[in-house]
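Peer 1: using only what follows, build the 3D model:
(one chain, ligands or ions: 1)
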Amino acid sequence: MSGSDAKPAASTGLSEAPEGAAATPQAPIAAVEEPPKAVPAADPAPAPAPSAPSEPTAAAVSKEEETTEEPSPLAELWAAAKAANHPEIWGVVLSDPESHVPSQIVLQKYLNANDGDLTKAKDQLTKTLEWRAKTKPLELVKKHFSKTKFEGLGFVTTYLNGPESTDPENKEVFTWNIYGGVKSIDETFGDLELFIEWRVALMELALAELSLATATKLITATYDPYKMFQVHDYKSISFLRQSPHVKSASAETIKVFAQNYPELLKEKFFVNVPAVMGFVYAFMKLFVAAKTIKKFHPMSNGLNLVHEFADSTVKGLGEKLPKEYGGKGEGLKDTGKGPLLE
Ligand code: HEM
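Peer 2: You can find the predicted model right below:
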């Protein structure tokens, strides 16, 4: 996603991203240049079957390349994926992007994340597949984590326009990190590997809600509705100095996520940030790509979060949020899911 959709937060007690941090303009990179069209879903719509030749399926993606006989960027990424030793990303078992919409979405995201640079996209994709083979993120969703260390710190919520459907514009997925709720820095962040496992489990739960495996719309360099919101809540932070554990946990999470979860963030809100901790925001931004920083919105008062979603395709999204974020919904403990605890 380009930075052009960044919007000012309603209430920032902190400095915003520097002007000069503008994202590099995205070149027209994707094989898909037309506005995306829904691919007929496997659900009971009276639409023609996905294989009908006249339908704008993912096969249209490489139309232009057929004349030159050059493999399309997506075909090249698919070839790289086939050569790897892991078949899946974010719950999508990769297959030919010409005929499989979920694979088109995943591979196109790797292109988008690299502004259309195929060599870089291939490298990132290959590294993600290696990391997933090693880390087994889908297994982490089934793992139980210690209550003492992680209870109440992470949630995923989903808000819909009416009943669940395959239309991504009917759904918004949020991940919430309640880092202000950490009881003991040493307990939660002391074992870095375990913390990353828990954080990855939370992300994979959110991806399961996004449900890319059942997605029906192609994405392009500029159109991608398959993204989520993230909120960090720092309410009640009682420690003014960042401990080395927090620094290394943050730096490592940022690194792992930038490499393995590209193009999944819509916007990110940091709420209940005490003004006195503005320096932390400045420090954190040092580790983050300029393109990502454009999506960040620090806010001093969590109750103002309600005002940030007027543009969402999910109607009245702000009001659906929990009361502590200015909405009318129940709390995260009642409405959210999180990694399994024991
Ligand atoms: C001492 C309390 C804090 C703790 C325990 C903490 C924890 C973390 C962790 C674990 C991450 C890794 C990314 C993730 O989980 O998504 C992170 C990222 C970040 N935090 Fe904090 N943080 C603290 C204070 C703050 C404050 C006061 C700010 C000011 C706004 C802040 C801003 C950020 C930013 C900008 C990132 C980068 C996010 C990203 O790349 O997605 N943090 N923090």
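Peer 1: in this protein, which spans are helices?
Peer 2: Ranges of helices in the chain, per DSSP state H, are 63-68, 73-82, 101-113, 118-135, 137-140, 147-150, 185-189, 192-210, 244-260, 278-285, 290-293, 317-320, 332-335.
Peer 1: just how off-centre is the longest one within its chain?
Peer 2: Spelled out, that is helix 192-210. Helix 192-210 sits 11 Å away from the centroid of its parent chain (Cα atoms, centre = their mean, to the nearest Å).
Peer 1: how about the third one?
Peer 2: What separates the centre of helix 101-113 from the centre of its chain is 13 Å, taken as Cα atoms, centre = their mean.
Peer 1: average pLDDT for it?
Peer 2: What helix 101-113 shows for mean pLDDT is 98.
Peer 1: same thing with the first one?
Peer 2: In this model, helix 63-68 carries a mean pLDDT of 54.
Peer 1: any chance of the helices of the chain in CSV, plus mean neighbour count and distance to residue 219?
Peer 2: (C-beta placed from N, C-alpha, C; glycine too.) Listed next are these as CSV, based on neighbours: other Cβ atoms under 10 Å; distance: least, Cβ to Cβ, whole Å:
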stretch, mean neighbour count, distance to residue 219
helix 63-68, 11, 17
helix 73-82, 20, 11
helix 101-113, 26, 5
helix 118-135, 17, 14
helix 137-140, 17, 22
helix 147-150, 16, 33
helix 185-189, 17, 35
helix 192-210, 21, 12
helix 244-260, 16, 18
helix 278-285, 16, 27
helix 290-293, 18, 17
helix 317-320, 19, 21
helix 332-335, 14, 28
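Peer 1: now render those helices as a markdown table, adding distance to residue 266.
Peer 2: Converted to a markdown table, the helices of the chain look like this (distance: least, Cβ to Cβ, whole Å):
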| stretch | distance to residue 266 |
| --- | --- |
| helix 63-68 | 29 |
| helix 73-82 | 23 |
| helix 101-113 | 13 |
| helix 118-135 | 20 |
| helix 137-140 | 21 |
| helix 147-150 | 25 |
| helix 185-189 | 26 |
| helix 192-210 | 11 |
| helix 244-260 | 14 |
| helix 278-285 | 19 |
| helix 290-293 | 12 |
| helix 317-320 | 12 |
| helix 332-335 | 19 |
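Peer 1: mind checking which of those helices is nearest residue 90?
Peer 2: helix 192-210 (4.6 Å; Cβ to Cβ).
Peer 1: now do the closest one: which elements does it pack against?
Peer 2: helix 137-140, strand 144-145, helix 147-150, strand 154-160, strand 171-177, strand 228-233, helix 244-260 (3 or more Cβ pairs under 8 Å, 6 or more residues apart in numbering; DSSP states H and E).
Peer 1: quick one, which of those is nearest to the ligand?
Peer 2: Proximity to the ligand, assessed across those by Cβ to the nearest ligand atom, is greatest for helix 244-260 (3.6 Å).
Peer 1: quick one on the thing from earlier: need the helices and strands packed on helix 192-210 in CSV (columns: mean pLDDT).
Peer 2: Below are the helices and strands packed on helix 192-210 laid out as CSV (pLDDT from 0 to 100):
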stretch, mean pLDDT
helix 137-140, 98
strand 144-145, 98
helix 147-150, 97
strand 154-160, 97
strand 171-177, 98
strand 228-233, 98
helix 244-260, 94
